[in-house]
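Asks: Quick one, fold the following:
(chains A and B)
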Amino acid sequence: MYSVKVLDAGTPVRVSQHLVTLEIDGVAVTVPAGTSVMRAATEAGVRVPKLCATDMLEAFGSCRLCLVEIEGRKGYPASCTTLAEPGMKVRTQTRKLAELRRGVMELYISDHPLDCLTCPANGNCELQEMAGVVGLRDVRYGYDGANHLRAEKDTSNPYFTFDPTKCIVCSRCVRACEEVQGTFALTVDSRGFASVIAAGPTDFLASECVSCGACVQACPTSTLMEKSIIDDGQPDHSEITTCAYCGVGCSFKAEMKGTQVVRMVPNKDGGANHGHSCVKGRFAWGYATHPDRIRTPMIRKKITDPWQEVSWDEAIAYAAAEFKRIQAKYGRGAVGGITSSRCTNEETYLVQKLVRAAFGNNNVDTCARVCHSPTGYGLKTTLGESAGTQDFDSVEEADVVVVIGANPTDGHPVFASQMKRRLRQGAKLIVVDPRQIDLVRMPHVEADYHLKLLPGTNVAVINALAHVIVTEGLHKEDFVRARCEPKDYEKWKAFISDVRNSPEAMEAVTGVPAADLRGAARLYAGARNGAIYYGLGVTEHSQGSTMVIGIANLAMVTGNLGRKGVGVNPLRGQNNVQGSCDMGSFPHELPGYRHVSDPAVRALFENDWKVKLDAEPGLRIPNMFDASLDGSFLGMYVQGEDLAQSDPDTQHVTAALRALECLVVQDIFLNETAKFAHVFLPGSSFLEKDGTFTNAERRISRVRKVMPALAGLADWEVTVALSNAMGYPMHYDHPSQIMDEIARLTPTFHGVTFEKIDRLGSIQWPCNDKAPEGTPVMHVQEFVRGKGRFVMTEYVPTEERSTRQYPLLLTTGRILSQYNVGAQTRRTPNLIWHDEDRLEIHPHDAEQRGINDGDWVGVKSRAGETVLRAVITDRIQAGVVYTTFHHPFSGANVVTTDNSDWATNCPEYKVTAVQVSRVAQPSEWQRQFTEFDKRQHELLPAHEQAKA
Amino acid sequence: MEGHKLVKMVNEIAAFFHAEPDHAVAIEGVAGHIKRFWDPRMRRELLQWVDEHDGEGLTELAAAAIRANRDRLSPQKTSG
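Replies: Below is the predicted model:
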């Protein structure tokens, strides 16, 4: 439950055109039809006692505390399960009701430890509060009867405890697990007095529980309690901010004691998450104060030199002097910068401004290069805007959900819960994935079609789906005629109708039975509302952009755009991928996705920034590496990104980093990239600065500073200082002024201010004169580009194919408990769930190679070799292996190659031909990595080494 | 930058536009993409490599696109 009091209306809000007026304790109140009497009472300002009810869950009616009297009705109905009706006259406080409620409380308290003063929920316990509300003064039954007071406490979960002695079996936890999270890990075991809450056969840690914390939040007592509260006590104030993990962008209340975070509670008014969270956002925030945080700037001439701690001024002056020296010697284009999707909009905006205005070139790129850059290209080409079309709530009206190359339950868990709720209501599901992700079959969710394609054949599948729809006449010709370019459509129609794109022709290529593909196409095309959600399994391919275009084609031809329940929805990997792209982080685009070659756009920025801008595109990240190795790119400023771990073909990347004459890394930890750096600028976590993040649904939300920056400066202040030292003055007193500048120069942000975000909670861009409060669904009347554009998507097989030498295809992904390169989550107790990356291999492939579960196996590609432990599972198909990339020692990217998307150079992480064999020792790369890592730690100042 | 890598990249761009039945549109697609997305030094090195190796390794469409747009793809001296 929330420590810092939040009004709980008892049952969920209802939306209806029909309104009902009733009278509660003499107060008239009007509510939407379907609203409970309890909620109506709350809205009338009347608090009805309750224990099993909370507005995050459907009414249950078990505690009998919320009984009321209704004129003309017999008995004492529970107000949570009784719906408001016109003319109803309700009384919530009578002598009889008080007597009944006291009786109920007596029974609860007779089996409850009376240790309120030392209980972690003291002062914030609904049971304690209700005992006071009903005026409980005595328990007639005494305390010596049968009870649960000797039940054992379960402390197995790293973040919360389960103390059954405090449990009143209200089922709020069980219902939260079912209704909110959709995992069904908890149950009420046994019956009557013997009833207990159970999480699987042994304890919480060994159960199906995903540690989302919904149960902890729902618990009205201290039965389920955060360990941080047990250790530190109840918070005294809170601040609303935005999670720094995935692209869902959950809103949280950071509950504080002074400047110490003691709990993160999802904000029930959060537009993206509606009060839900996952294990990372709710619990894994301890990294922010981890001892590994480096708090003092450091410099060194060579990466073999010891680090020297210096003042901020010295570090900034050194970095600026080095960049100037490199530019004087090698040319203006010899330096550049990388913005981070983990930093705020204001910070990424400043980094790209620094590069364009102070460095004088367009060599700026962002980590979206290696994840969703094809989304930007594909959606801009077809629909006219580089962004997803819907809000998350749109899924609530989807009838057919298509999930392509995404694993929402692990990568975007809070949205997955919303999606699962819709699926439980009966929406159909099509999964396109080489691996059996959890959504394919889990409690109360089962995919109607799982198109288990071979890695690298996405475009063949999307073409075959479109082929079926067009050739069987399932397309929405009226929509296409009204909304799309007719000439392009006719050309595309002829292309897609060709038999070479049929499911039968493509079956041998994709591995997907033609009948399944036809069935899936008919299901999607026949839906009233069909919605496509996709992830990096779409973009991280040599045909990533082609596939995004193919998805947009499919949505257009079926008329699934421009309203709720439909759309093309990229699930962004990191919290601010959308924002970093919006802010002009790409080398060819200024903020708002406007090309640098456009003189009018440049003039707008030149007038505002008082500087001449380069009209030519700059280097993209992979191009920067190549240019570094050929000696034309020698200085790099990297803010909050770990290129050495996250980018493909590690040995190529590290060779390029070694070739730089000045690498400046700004990060909260000495990440893998920083080990090649000459200047280290300590970064600030999301808790230490103000700004905004933009999530996958274009929702701009506030990030609020709740504690001082550990190193003294927020990231945006460091970029300002560097720009000033470079000779290009920047002056901002607060990030709100940076947003004002963004709004001034970016049409889709014209109406955005911090004040408006504070007032509305969040804003989905475009936000301007036409849409002053934002745009949840795009392309409603027409596409942003005017007419939608069909583009032909010929399937071109990747060059990365299985061969005799490398017979298996490696594909990569992520896991729920870890985030990206793991820099944050590896420094939290989340390690308990995933302390190493493993290689999933099919039993058939394992048997052929004599591999047993848990064996060390070498994974070798044409790029390199690493060693992981094997997990034998049929989640992965024969011929394909799978791993995650959360731990640097795993070296997943030592194996991935330099293949990339034709349009954007987004790496082809998802297809690497490999051989796998049993080995007895780590790879040569891992041996070198360990040695280098040890040496780099030895080069840190003595007090930093001592912390390690 | 390595010439063979740039050639591979151009060929991949050309492979996308290969489906376009109108050859002129396909050529414009390839050249326009390079112009819009490639840093000038990459274009310069591509053109240099094509000259030195007589276009070796380029697909027909890629070669035609570069041939027809040579001036446009050549970077201005002040850039990069």
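Asks: Spatially central residue in chain B, please.
Replies: Closest residue to the average C-alpha location of chain B: residue B:66 at 4.7 Å, with C-alpha atoms, centre = their mean.
Asks: Residue B:73 is in contact with that residue, correct?
Replies: Yes. The pair residue B:66 / residue B:73 is scored as a contact, 6.7 Å apart, by C-beta atoms under 8 Å. Quick note: C-beta positions are derived from backbone N, CA and C, even for glycine.
Asks: Name the residues contacting each of these two.
Replies: B:31, B:46, B:47 (C-beta atoms under 8 Å, 6 or more residues apart in numbering or on different chains).
Asks: nearest residue to the second one other than its sequence neighbours?
Replies: Nearest residue to residue B:46, sequence neighbours excluded (C-beta to C-beta, 6 or more residues apart in numbering or on different chains): residue B:6, at 4.5 Å.
Asks: which residues sit in contact with residue A:807?
Replies: A:879, A:913, A:915.
Asks: Which residues of chain A lie near chain B?
Replies: Applying C-beta under 8 Å from any C-beta of the partner chain, we find that chain A lies next to chain B at A:331-333, A:361-363, A:491, A:495, A:542-543, A:545-546, A:587-588, A:595, A:597, A:614-620, A:623, A:626-627, A:630, A:632, A:792-794, A:796, A:898, A:902-905.
Asks: ok, back up a step: quick check: the residue nearest to the centre of chain B vs chain A, distance?
Replies: Distance of residue B:66 to chain A, given as C-beta to the nearest C-beta, to the nearest Å: 16 Å.
Asks: Make sure that residue is indeed in a helix.
Replies: Yes. The assignment for residue B:66 (DSSP: H, G, I helix; E, B strand; the rest coil) places it in a helix.
Asks: Contact partners for it?
Replies: By C-beta under 8 Å, 6+ apart, the residues touching residue B:66 are B:10, B:30, B:31, B:46, B:47, B:50, B:55, B:58, B:73.
Asks: pLDDT value on it, please?
Replies: Residue B:66 is assigned a pLDDT of 97 by the prediction.
Asks: Just give me the neighbour total for residue 74.
Replies: No chain in the question, so chain A it is. 7 (other C-beta atoms under 10 Å in any protein chain shown).
Asks: wait, chain B
Replies: Residues lying near residue B:74 (other C-beta under 10 Å) number 12.
Asks: how near is it to residue A:624?
Replies: With the distance defined as C-beta to C-beta, to the nearest Å, residue B:74 ends up 22 Å from residue A:624.
Asks: Out of the residues of chain A next to chain B, list just those in strands.
Replies: The strands, defined by DSSP state E, take in residue A:595 from the residues of chain A next to chain B.
Asks: if you look at the residues of chain A next to chain B, which of them are in helices?
Replies: Among the residues of chain A next to chain B, the members falling in helices are A:491, A:495, A:545, A:546, A:623, A:626, A:627 (criterion: DSSP state H).
Asks: hang on, the fifth one packs against residue B:42?
Replies: Yes. Under the criterion of C-beta under 8 Å, residue A:623 is in contact with residue B:42, at a separation of 6.3 Å.
Asks: separation between residue B:5 and residue A:151?
Replies: 66 Å.
Asks: ok, those two, which is more surrounded?
Replies: The residue with more neighbours, out of residue B:5 and residue A:151, is residue B:5; 17 against 14, by other C-beta under 10 Å.
Asks: list the contacts for the more buried one?
Replies: A:626, A:898.
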